[in-house]
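Peer 1: fold the following.
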Amino acid sequence: MKEYIQKNKERFFQELFSLLRIPSISAKPEHKGDMYLCARRLSDLLLRAGATDAKVCETSGNPVVFGYKDIGAPKTVLVYGHYDVQPPEPLEKWRTDPFLPVIAKDPASGEEAIYARGANDDKGQLFMHIKAFEYLLQNGLLRHNVKFIFEGEEEIGSPSLPAWIRENKDLLKSDIVLVSDTTMISEKVPSLNCGMRGLAYLEVAVTGPNKDLHSGHYGGAVANPINVLCSMIASLQDEKGRICIPGFYDSVVELSAEDRALLNRAPFDMEEYKSFLDINEVKGEEGYTTIERTAIRPSLDVCGIWGGYTGQGAKTVLPSTAHAKISMRLVPNQDSATITKLFTEHFLKIAPPYVKVSVSPCEGGDGFLIPISSHAYQAASKAMAQVYGIEPVPARGGGSIAILADMQRILGVDPLLMGFGLERDTIHSPNESFLLRQFFAGMESIALFYRYY
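Peer 2: Next up, the predicted model:
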């Protein structure tokens with residue numbers, strides 16, 4: 001595969017860049033046309049790579065791209081990816097235009113990387129699968145049937161995809177769902193995710209007076225919704241970092257000492273971690289390591305908060321409303337719908353009588369685990385060990401890909417996460433990038449997976 005990459009890498013860059021130039025931002029309705037443009041381009045790239053057929057399929061939301069190559073093999077691999085991307089803001093933090101991809105040197109390491117929104121998450125990583133498939137097919141090495149499903153709503157919780165999967169369950173029959181949409185735990189040691197956390201994401205609003213008020217005339221006499229919201233949010237966690245919602249931990253499984261020790265064998269340098277984030281100290285649930293806090297423990301975070309006047313200069317206003325977006329990462333066995341219900345009931349219950357409170361669910365999904373003893377996991381491990389020269393460490397991802405638990409449940413097959421991103425890639429943030437060495441290593445590893453699976 002190395003030789004094939006070197007021979008074709010300029011074409012690979014041109015094809016990938018044609019995807020990265022499309023601002024397929026699922027969170028913004030004004031980009032609906034871009035979703036279709038990107039889906040059609042992906043369909044074209046699958047056909048060029050050798051798929052028997054590839055088409056853009058309608059859903060109740062953004063389109064799904066489905067393609068396949070059936071060679072009559074006993075096993076079928078279903079490749080999942082998403083072509084939608086996060087909004088690029090704040091634009092002033094980008095060193096380059098987020099939708100004009102470039103290859104540039106990493107400021108810290110000097111290594112070459114692709115810079116663009118979606119370079120890693122997930123256009124760059126799903127593209128590796130298309131090229132690995134192309135290589136296997138053109139060199140007579142393909143030994144499996146391959147199906148592709150690329151969606152355009154992962155960044156907003158995949159609201160339309162579960163229904164489409166149920167309607168097309170027979171079309172999607174497979175033995176494994178192969179995914180590259182995650183990061184490795186270290187630049188020095190590769191890893192394979194054997195599980196991910198779920199998600200419950202909500203927006204809350206606190207309303208006080210029926211209009212903004214003069215803070216001098218009314219301050220101290222009327223409740224300030226921002227003050228109230230901050231107090232309510234602060235009460236959701238105690239001084240030990242535990243979440244104070246009744247019933248929140250009822251389904252959380254405590255890992256054994258042996259399992260915790262195995263998880264903590266993964267390489268982790270605390271000083272390097274703090275230096276990378278430019279923080280003096282870490283903070284989290286008492287009694288757990290940083291690796292455990294981001295893998296086997298749930299969390300609650302405010303992702304956005306606003307209200308009142310935030311423009312330049314002063315405006316002495318007591319605001320009418322305050323808002324916040326709250327994200328709860330869930331561990332396997334925690335049900336997203338149940339947690340959403342528990343949060344809503346609790347938040348409404350703790351609301352003081354001098355404000356009105358509302359809770360609106362935004363998105364959610366469950367976590368999952370897969371056995372590291374499975375044939376698919378072992379094949380992926382062997383492939384990555386051959387490319388990287390060291391056996392990958394099993395790890396649990398702290399993020400969420402909500403649809404994978406649905407696919408596992410609906411299709412009855414496990415997902416396998418072969419992610420090649422790194423923390424330095426700053427996905428969801430300005431200057432998202434993908435190191436070329438990881439981009440190429442990903443193609444090699446995926447191609448080898450098919451050999452060993």
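Peer 1: and Cys362, what does it touch?
Peer 2: Gly157, Tyr201, Leu202, Glu203, Lys325 (C-beta atoms under 8 Å, 6 or more residues apart in numbering). Where you see a C-beta, it was placed from the backbone N, CA and C, and this is true even at glycine.
Peer 1: same thing but at 6 Å, please
Peer 2: Residues counted as contacts of Cys362 (C-beta atoms under 6 Å, 6 or more residues apart in numbering) are Tyr201, Leu202, Glu203.
Peer 1: make sure Val357 is actually in contact with Ala205.
Peer 2: No - with contacts counted by C-beta atoms under 6 Å, Val357 stays clear of Ala205, the gap being 7.1 Å.
Peer 1: can you map out the helices along the stretch 51-200 of the chain?
Peer 2: 123-138, 161-167 (DSSP state H, counting those that start in this stretch).
Peer 1: just those: most buried one?
Peer 2: Comparing these by mean neighbour count (mean count of other C-beta atoms under 10 Å), helix 123-138 ranks first with a mean of 24.
Peer 1: quick one: mean pLDDT over it.
Peer 2: Mean pLDDT, helix 123-138: 98.
Peer 1: mind putting the helices of the stretch 51-200 of the chain in TSV, distance to Arg11 included?
Peer 2: Listed next are the helices of the stretch 51-200 of the chain as TSV, based on distance: least, C-beta to C-beta, whole Å:
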stretch	distance to Arg11
helix 123-138	10
helix 161-167	31
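Peer 1: in the stretch 251-400 of the chain, where is pLDDT below threshold?
Peer 2: Within the stretch 251-400 of the chain, not a single segment meets pLDDT under 70.
Peer 1: run through the helices of it in chain order.
Peer 2: 257-263, 270-277, 290-293, 336-349, 375-388.
Peer 1: how about the last one: buried residues?
Peer 2: So that's helix 375-388. Across helix 375-388, burial judged by 16 or more other C-beta atoms under 10 Å covers Ala376, Tyr377, Ala379, Ala380, Ser381, Lys382, Ala383, Met384, Val387, Tyr388.
Peer 1: got it, and the shortest one?
Peer 2: Buried residues in helix 290-293, defined by neighbour count with 16+ other C-beta under 10 Å: Ile291, Glu292, Arg293.
Peer 1: Ala395: which of those is nearest?
Peer 2: Nearest to Ala395 among the buried residues of helix 290-293, counting by C-beta to C-beta, is Ile291 at 8.3 Å.
Peer 1: could you measure from that closest one over to Ala261?
Peer 2: Counting by C-beta to C-beta, to the nearest Å, the gap from Ile291 to Ala261 is 11 Å.
Peer 1: got phi/psi on Ile243?
Peer 2: Dihedral pair for Ile243: phi -80, psi 130, per degrees, to the nearest 10.
Peer 1: OK, contacts around it?
Peer 2: Ile243 neighbours (C-beta under 6 Å, 6+ apart): Gln237, Leu300.
Peer 1: now with 8 Å?
Peer 2: Ile243 touches Leu236, Gln237, Tyr249, Pro298, Ser299, Leu300, Met328, counting by C-beta under 8 Å, 6+ apart.
Peer 1: ok, Glu155 next?
Peer 2: With C-beta under 8 Å, 6+ apart, Glu155 has these contacts: Ser26, Ala27, His82, Asp84, Val85, Gln86.
Peer 1: related to what we said a few turns ago, tell me which of the contacts of Cys362 is nearest to Leu422?
Peer 2: Distances from Leu422 to the contacts of Cys362, taken by C-beta to C-beta, are shortest for Tyr201, at 25.2 Å.
Peer 1: among the helices of the stretch 51-200 of the chain, which is nearest Lys274?
Peer 2: helix 123-138 (27.6 Å).
Peer 1: give me the domain ranges for the protein.
Peer 2: Annotated domains of the chain cover 2-196+367-452, 198-252+298-365 [automatic domain parsing].
Peer 1: okay, those in CSV with distance to Glu286 next?
Peer 2: Shown next, in CSV, are the domains of the chain (distance: least, C-beta to C-beta, whole Å):
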stretch, distance to Glu286
domain 2-196+367-452, 18
domain 198-252+298-365, 4
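Peer 1: and among these, the most buried is which?
Peer 2: domain 2-196+367-452 (a mean of 19).
Peer 1: start to end distance for that domain?
Peer 2: This stretch, domain 2-196+367-452, spans 18 Å end to end (C-alpha to C-alpha, to the nearest Å).
Peer 1: quick one: the strands in the stretch 1-150 of the chain?
Peer 2: Listed in chain order, the strands of the stretch 1-150 of the chain (DSSP state E, counting those that start in this stretch) span 53-57, 64-69, 76-82, 102-105, 112-115, 145-151.
Peer 1: packing partners of the third one?
Peer 2: Yep, that's strand 76-82 we're talking about. helix 123-138, strand 145-151, strand 176-179, helix 402-411 (3 or more C-beta pairs under 8 Å, 6 or more residues apart in numbering; DSSP states H and E).
Peer 1: now the longest one, how far from the centre of its chain.
Peer 2: Spelled out, that is helix 123-138. 20 Å (C-alpha atoms, centre = their mean, to the nearest Å).
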